[in-house]
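**Q** Model the following, please.
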Amino acid sequence: MSPRPSLPSLVAALRLLVVGLHLLSGLLQVALLFRFVDGVRRRLLRQVWSRQLLFLLGVHLEPARLNAAGPVRALDGLIVSNHVSFLDIFVINALAPAAFVCKEDVARWPLIGWLCRGSETVFLARGNRSAAYRAHRQIVARLRAGERMVVFPEGTTSTGDRVLPFHGALFQSAIDAGVPVVCLALSYHDRRGWPTEAAAYTGDLSLLRCLWQIAAAGGLRAYLQVLPPLTGLAGRRHLAQHAQLRISQALTRQRLLPE
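**A** The predicted structure is shown next:
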């Protein structure tokens, strides 16, 4: 991992101020527009807004320079990704707007939680079997209806240098809905292409502190690789193991990408 280069504090502070205004504009969109437009237009609004957020934070979205599964239309089915930061949601939405499955804690985050609640997010309550079953049925129904659903099967974030074990339960939704599992490998790099922890939202780090690190990094790059869909595997445990292995291998290659 590279050291975290930073912009002057004033520049980073101004960047965060503009980002705060952009978050407020997102809240207004959700409150005033989403109820009056169809799903296609809501997804387009989320994509445009997410791209603007990345731009304001100084984050460049770069599809990894490796063999990928193809265009965005390849992202159909249950999409699984490794998880580094809250920023992952907006990086993925900037490429292919989708609905996300998140832990219930996210709904209580300031501003971002409100945005998620208004953006078709499915929240999972820990330790509540009936709530988990209701969420599962909702995910299956939406997958059958042709929606993109994104899950982070690690269940938590990492620093990005490795992939934590995948929980198999969420893969059952793809089996029950009869849709493929599409893997995404996501990593963050500095302006020189070196892997960096600047976007990592881990441990006791606050949301505001993480935003500051991202804003101060200057030239942060998000590498996002679409991998071929997983098909022909029996059982959610096998799906989880193969997805974890495939994403781990892709991340290793991303860390070795030449400039």
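**Q** any idea which strand is longest in the chain?
**A** Assignment by DSSP state E gives strand 181-189 as the longest strand of the chain.
**Q** Give the other helices and strands that that one contacts.
**A** The helices and strands touching strand 181-189, judged by 3 or more Cβ pairs under 8 Å, 6 or more residues apart in numbering; DSSP states H and E, are strand 78-81, helix 87-95, strand 220-226, helix 236-255. Every C-beta, even on glycine, is put in place using the N, C-alpha and C of the backbone.
**Q** Out of the ones you listed, flag the one nearest Asp105.
**A** Relative to Asp105, the nearest member of the helices and strands packed on strand 181-189 by Cβ to Cβ is helix 87-95, separated by 13.8 Å.
**Q** I'd like the distance from that closest one to the chain centre, please.
**A** Centroid displacement of helix 87-95 relative to its chain, using Cα atoms, centre = their mean, to the nearest Å, is 5 Å.
**Q** if we can go back for a sec, what's the following helix or strand after the longest strand of the chain?
**A** helix 207-217 (DSSP states H and E).
**Q** And the average pLDDT for that following helix is what?
**A** What helix 207-217 shows for mean pLDDT is 89.
**Q** now do stretch 232-244
**A** Mean predicted confidence for stretch 232-244 is 88.
**Q** outside of that stretch, which residues touch it?
**A** Among residues not part of stretch 232-244, those counted as contacts by Cβ atoms under 8 Å, 6 or more residues apart in numbering are 80, 153, 163, 165-169, 171-172, 174-175, 181, 183, 230.
**Q** Filter those down to just the ones in helices.
**A** In this view, the contacts of stretch 232-244 that belong to helices under DSSP state H are Gln172, Ala174, Ile175.
**Q** picking that back up, got a winner among the contacts of stretch 232-244 for most neighbours?
**A** Val80 (29 neighbours; other Cβ atoms under 10 Å).
**Q** who touches that one in this structure?
**A** Val80 sits in contact with 150-153, 166, 170-171, 181-184, 243, 247, where contact means Cβ under 8 Å, 6+ apart.
**Q** try 10 Å this time
**A** With contact set as Cβ atoms under 10 Å, 6 or more residues apart in numbering, Val80 has these partners: 101, 149-154, 166, 170-171, 174, 181-184, 227, 230, 239-240, 243-244, 246-247.
**Q** and the longest strand of the chain with helix 87-95, angle?
**A** 110 degrees (axes from the mean of the first three to the mean of the last three Cα atoms, to 10 degrees).
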